[in-house]
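Asker: Pasting a predicted model and its sequence here:
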Amino acid sequence: MIEFQHVSKAYSHDIYALRDVSFSIGDGELVFLAGPSGAGKSTVLKMIAGLEKPSSGMVLMNGQSISKLKSSSLPYLRRKLGLILQGQGLLLDRSVLANVMLPMIVVGESMTDAETRAYAALERLNIQDKADASPLSLSGGEQQRVAIARAIVNRPQIILADEPTAYLDRENAVIVINALKAFQRSGVTCIISSHDEQFLEQANRVIYLSKGEVTDSWTSALIPAVSAAITNATSLTSTAPA
Ligand code: ADP
């Protein structure tokens with residue numbers, strides 16, 4: 001369904017965000033894009049959303065090249081997507097409910113339908129009691145749950161989440177990951193970037209990026225073992241004497 005074919009992205013002649021990246025992701029998968037900061041994870045997500053174009057290679061969705069879409073076709077692509085991207089915060093001058101209604105208002109749904117669906121989306125994230133609150137009064141974990149409700153209110157086929165557990169404590173991170181897993185169980189494809197190895201075992205598949213290249217990729221049977229190996233390696237490195 002989503003396919004990267006030999007995708008490279010150069011921001012200048014010697015700065016490559018991605019180098020010859022190829023993989024495909026099927027319908028209904030829960031895929032983690034793992035790897036350290038700067039590895040190219042956000043760039044992959046932005047390309048799927050049509051926000052960045054490859055310098056070479058192709059990004060396909062259902063066999064159609066995203067980078068060749070006319071800008072007039074991009075809104076149709078985006079309607080299939082629920083985006084939880086970094087830096088796309090909630091609007092602070094309106095309530096939580098109004099924030100979640102916004103994607104529906106933008107596509108021309110009635111206020112009544114938008115309100116009903118936005119409330120249902122908040123319920124799925126178990127944060128409906130904050131519907132009338134200002135985003136400013138919410139904790140980081142609660143804001144992230146509202147951002148997910150906003151991303152899913154239009155019933156996307158694919159959720160793209162860029163570091164959705166960054167800055168969250170363990171308890172809130174688990175709530176966010178469990179919410180994304182629940183969407184995947186209901187048939188939504190979820191592609192989640194994370195440099196936090198503790199969640200890798202929740203995925204069907206991990207695509208590991210390093211310095212813009214796919215250096216590894218594992219399917220679910222192997223994930224617990226690989227995740228444990230990474231955690232051990234990390235703790236050994238961090239406790240090793242200088
Ligand atoms: P990650 O999400 O894994 O942290 P990114 O995809 O954000 O990685 O970035 C990959 C590399 O591309 C980094 O070296 C980053 O500095 C570079 N990069 C990303 N966006 C830009 C940009 N707009 N201009 C220049 N370099 C960029």
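Answerer: Thanks, I have it. Residues are numbered from 1 along each chain as shown.
Asker: ok, and for stretch 67-84, which residues are buried?
Answerer: For stretch 67-84, a neighbour-count test (16 or more other Cβ atoms under 10 Å) marks 77, 78, 81, 82, 83, 84 as buried. For glycine as for every other residue, the C-beta is placed from the backbone atoms N, C-alpha and C.
Asker: filter these down to the ones near the ligand?
Answerer: The overlap between those and the neighbours of the ligand (Cβ under 6 Å from any ligand atom) is empty.
Asker: quick one: the helices in the chain?
Answerer: Using DSSP state H, the helices of the chain run over 41-48, 74-79, 96-106, 111-124, 140-152, 170-185, 223-239.
Asker: quick one: the first one near the ligand?
Answerer: Yes. With Cβ under 6 Å from any ligand atom as the threshold, helix 41-48 lies in contact with the ligand, specifically through 41, 42, 43.
Asker: low-confidence ranges in this structure?
Answerer: The model of the chain has pLDDT under 70 over residues 220-242.
Asker: So which residues on it come close to the ligand?
Answerer: Contact residues, the chain versus the ligand (Cβ under 6 Å from any ligand atom): 11, 15, 17, 35, 37, 38, 39, 40, 41, 42, 43, 193.
Asker: centroid residue for the chain?
Answerer: With distances taken as Cα atoms, centre = their mean, the residue of the chain nearest its centroid is residue 161 (1.3 Å).
Asker: top of the residues of helix 41-48 next to the ligand by neighbour count?
Answerer: The most crowded member of these, judged by other Cβ atoms under 10 Å, is residue 41 (26 neighbours).
Asker: That one reaches residue 208, doesn't it?
Answerer: No. Contact criterion Cβ atoms under 8 Å: residue 41 and residue 208 do not qualify, at 9.9 Å.
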